[in-house]
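Colleague: below are the sequence and a predicted model; questions follow.
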Amino acid sequence: IPVDPFDLVIFGGTGDLARRKILPGLYRRYCSGQMEDNSRIIGAARSEHETAEFRQMIADAIAEFDPKSGSPEQLEGFLERLEYVQVDALGEAGWKELAALMGENRVRAFYFSVAPSLFGALAERLHAHGIADSETRIVVEKPFGKDLASAKALNAALAEHFDESQIYRIDHYLGKETVQNLMAVRFGNMLFEPLWNSQYIDHIQITVAETVGVDGRGEYYDRSGAMRDMVQNHLMQLLCLTAMEPPAKFDPDAVRDEKLKVIRALNAVPLEDVVRGQYLADGKKPGYLEHAGDPDSKTESFIALRVEVSNWRWAGTPFYMRTGKRLRARSSEIAVVFKETPHSIFGEEAGRHRNVLTIRLQPNEGMDLFVTIKEPGPGGMRLVDVPLDMTFAEALGPEAEDVPDAYERLIMDVIRGNQTLFMRGDEVEAAWAWADPLIASWENRGDKPVPYETGSTGPEEALAMMHREGRRWRDIR
Ligand code: BG6
């Protein structure tokens, strides 16, 4: 279904994110017929380019990052929708030209794909030049601050010119198909919700494992680390959707109100419940310290933590989260580990078993529900745990393979005016309010992360953290 005609201005239109994700994503939506012919995408940046040059740059980006989509005719049609304007975010140059380009009677959206320090200046100039009105939408990217104070300052700078209903804070994890499926599974089935609490669930594991290092991003990353780069936002969102109460309806504020309550219920995590690591060189690739450009860097490229959601539903059920770079496999999942059966009628030998529901974000998006059955054959009542495998692409056919990537979906939601999958200002602030004291506690102690091997599952200490409670991490495969 096509969305309403729009003018989307991308500040930072020649930058990495625009070339890698935003424009290839928009191209795929164009190819699928979702963009009306009169919609336009306007790249805006400080450098001087003719529109023709910008179009060529984007054609090259599509050839590099998404060579399979569309036909040459479609590519040409898409490129014709592109314009370029040179704009100085901190000065007056280019704003009149931008204003003159904007069409009437269409959705106006501005994507701030620039450093957060420019958010306020852009908001102010859009306003001063009469380019933005009360219907205009603005899209901002992470990092949304580096702590509570900076996030508050960014929220305040945007709020001077835009209402919260106009601000779309992207966390691209919320655009992932399986993340939305988590809500469908929880709230579209009778089966799970009655068991979804500390009475039946032993613990929950959230893993986002990556094989990439911080190559080339050392400067940004070293100021950030896994806690700020991944946990405060992406893993936090996964935790919220797993732990939240059912909203009364699938409506932006109803959903975000429930997520906010989860963040506010998080415990103050003691340092014994945190393991931070840095990857080592492996002979072929440099280690974290070389990437960071500071041999004394105390920034973590891996973190594992044990968190509690202190409310009636979850008291006594720990949530373990871990994420890291240069691990054994690119694999992300949420695993809901149920309690063992209270008693084995099949005797000691058969053991006591537990169900596990895993929700895979990547690769092979899908779910597995491990159930205990009898091992086939004449050997008596021997029990075995088998997965009821639901790989979406297999269960739903080719349509499931053609799911939009996170950015495509989220940008179309901006045009439709649907904020459900975007973070509200208070959510971001609450997440920082939880993360700040924890970060401060290891910084104050001067803790250095422990080393771990490239291609491993992270530091031994992270395994030990689970073992001491009689639990174990699921394998990273
Ligand atoms: C980004 C982080 O937000 O998410 C990166 O800054 C990380 O460090 C990336 O690699 C992971 O996203 P995805 O979609 O590849 O899991």
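Modeller: Done, it's in.

Colleague: only C-alpha atoms for contact and neighbour calcs from this point on.
Modeller: Fine.

Colleague: and the strands in the stretch 201-350 of the chain?
Modeller: Applying DSSP state E, counting those that start in this stretch to the stretch 201-350 of the chain gives strands spanning 201-209, 274-279, 302-307, 319-324, 331-340.

Colleague: same question, the stretch 351-477 of the chain
Modeller: Under DSSP E, counting those that start in this stretch, the stretch 351-477 of the chain gives strands at 354-362, 366-374, 383-391, 450-452.

Colleague: ok, back up a step: next, format the strands of the stretch 201-350 of the chain as JSON lines and append mean pLDDT.
Modeller: JSON lines is the format used below for the strands of the stretch 201-350 of the chain (pLDDT from 0 to 100):
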{"stretch": "strand 201-209", "mean pLDDT": "98"}
{"stretch": "strand 274-279", "mean pLDDT": "98"}
{"stretch": "strand 302-307", "mean pLDDT": "98"}
{"stretch": "strand 319-324", "mean pLDDT": "98"}
{"stretch": "strand 331-340", "mean pLDDT": "96"}
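
Colleague: adding mean neighbour count, write the ones you listed out as a markdown table.
Modeller: Below are the strands of the stretch 201-350 of the chain laid out as a markdown table (neighbours: other Cα atoms under 10 Å):
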| stretch | mean neighbour count |
| --- | --- |
| strand 201-209 | 23 |
| strand 274-279 | 26 |
| strand 302-307 | 24 |
| strand 319-324 | 24 |
| strand 331-340 | 21 |
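
Colleague: out of those, which comes closest to Gly218?
Modeller: strand 274-279 (12.7 Å; Cα to Cα).

Colleague: that older thread, so can I have CSV of the strands of the stretch 201-350 of the chain showing distance to Arg360?
Modeller: Formatted as CSV, the strands of the stretch 201-350 of the chain follow (distance: least, Cα to Cα, whole Å):
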stretch, distance to Arg360
strand 201-209, 10
strand 274-279, 24
strand 302-307, 19
strand 319-324, 15
strand 331-340, 4
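
Colleague: relative to Asp133, which of these is closest?
Modeller: strand 201-209 (39.3 Å).

Colleague: just checking: what are the partner strands of the closest one?
Modeller: Here strand 201-209 has these sheet partners by DSSP bridges: strand 319-324 (parallel), strand 331-340 (antiparallel).

Colleague: could you dump the last one to CSV, C-alpha only?
Modeller: Spelled out, it's strand 331-340. Taking Å, rounded to 0.1, in the frame of the first residue of the first chain, the C-alpha atoms of strand 331-340 are listed here in CSV:
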residue,chain,number,x,y,z
SER,A,331,23.7,-14.6,16.5
SER,A,332,21.0,-12.7,18.4
GLU,A,333,18.2,-14.2,20.4
ILE,A,334,16.0,-14.0,23.4
ALA,A,335,15.7,-17.2,25.3
VAL,A,336,12.9,-17.7,27.8
VAL,A,337,13.9,-20.6,30.0
PHE,A,338,11.0,-22.1,31.9
LYS,A,339,11.3,-23.8,35.3
GLU,A,340,11.9,-27.5,35.6
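
Colleague: can you give the distance from it to the centre of its chain?
Modeller: 19 Å (Cα atoms, centre = their mean, to the nearest Å).

Colleague: who touches that strand?
Modeller: 200-210, 238, 352-363, 476-477 (Cα atoms under 8 Å, 6 or more residues apart in numbering).

Colleague: can you check the shortest one too?
Modeller: In this structure, residues lying in contact with strand 319-324 by Cα under 8 Å, 6+ apart are 203-210, 226, 230-231, 235, 239, 301-309, 458.

Colleague: what do you get if the cut-off is 7 Å, keeping everything else the same?
Modeller: 203-210, 226, 301-308 (Cα atoms under 7 Å, 6 or more residues apart in numbering).

Colleague: what is the orientation angle of it with strand 274-279?
Modeller: 10 degrees (axes from the mean of the first three to the mean of the last three Cα atoms, to 10 degrees).

Colleague: quick one: strand 319-324 to strand 302-307, angle?
Modeller: 170 degrees.

Colleague: how far does strand 319-324 sit from the chain's center?
Modeller: With Cα atoms, centre = their mean, you get 14 Å for strand 319-324.

Colleague: need the CA coordinates for that strand. PDB is fine.
Modeller: Listed next in PDB are the C-alpha coordinates belonging to strand 319-324 (Å, rounded to 0.1, in the frame of the first residue of the first chain):
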ATOM      1  CA  PHE A 319      17.300 -11.300  33.100                       C
ATOM      2  CA  TYR A 320      20.800 -12.000  31.800                       C
ATOM      3  CA  MET A 321      22.000  -9.800  28.900                       C
ATOM      4  CA  ARG A 322      25.200 -10.100  26.900                       C
ATOM      5  CA  THR A 323      26.600  -8.500  23.800                       C
ATOM      6  CA  GLY A 324      30.000  -8.300  22.300                       C
END
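
Colleague: hang on, the earlier thing: who wins for proximity to Glu36 among the strands paired with strand 201-209?
Modeller: strand 331-340 (35.3 Å).

Colleague: next, the buried residues of the longest helix anywhere in the chain.
Modeller: Scanning the chain for the helix with the most residues, using DSSP state H, yields helix 425-445. Buried residues in helix 425-445, counted by 16 or more other Cα atoms under 10 Å: 425, 427-436, 438, 442.
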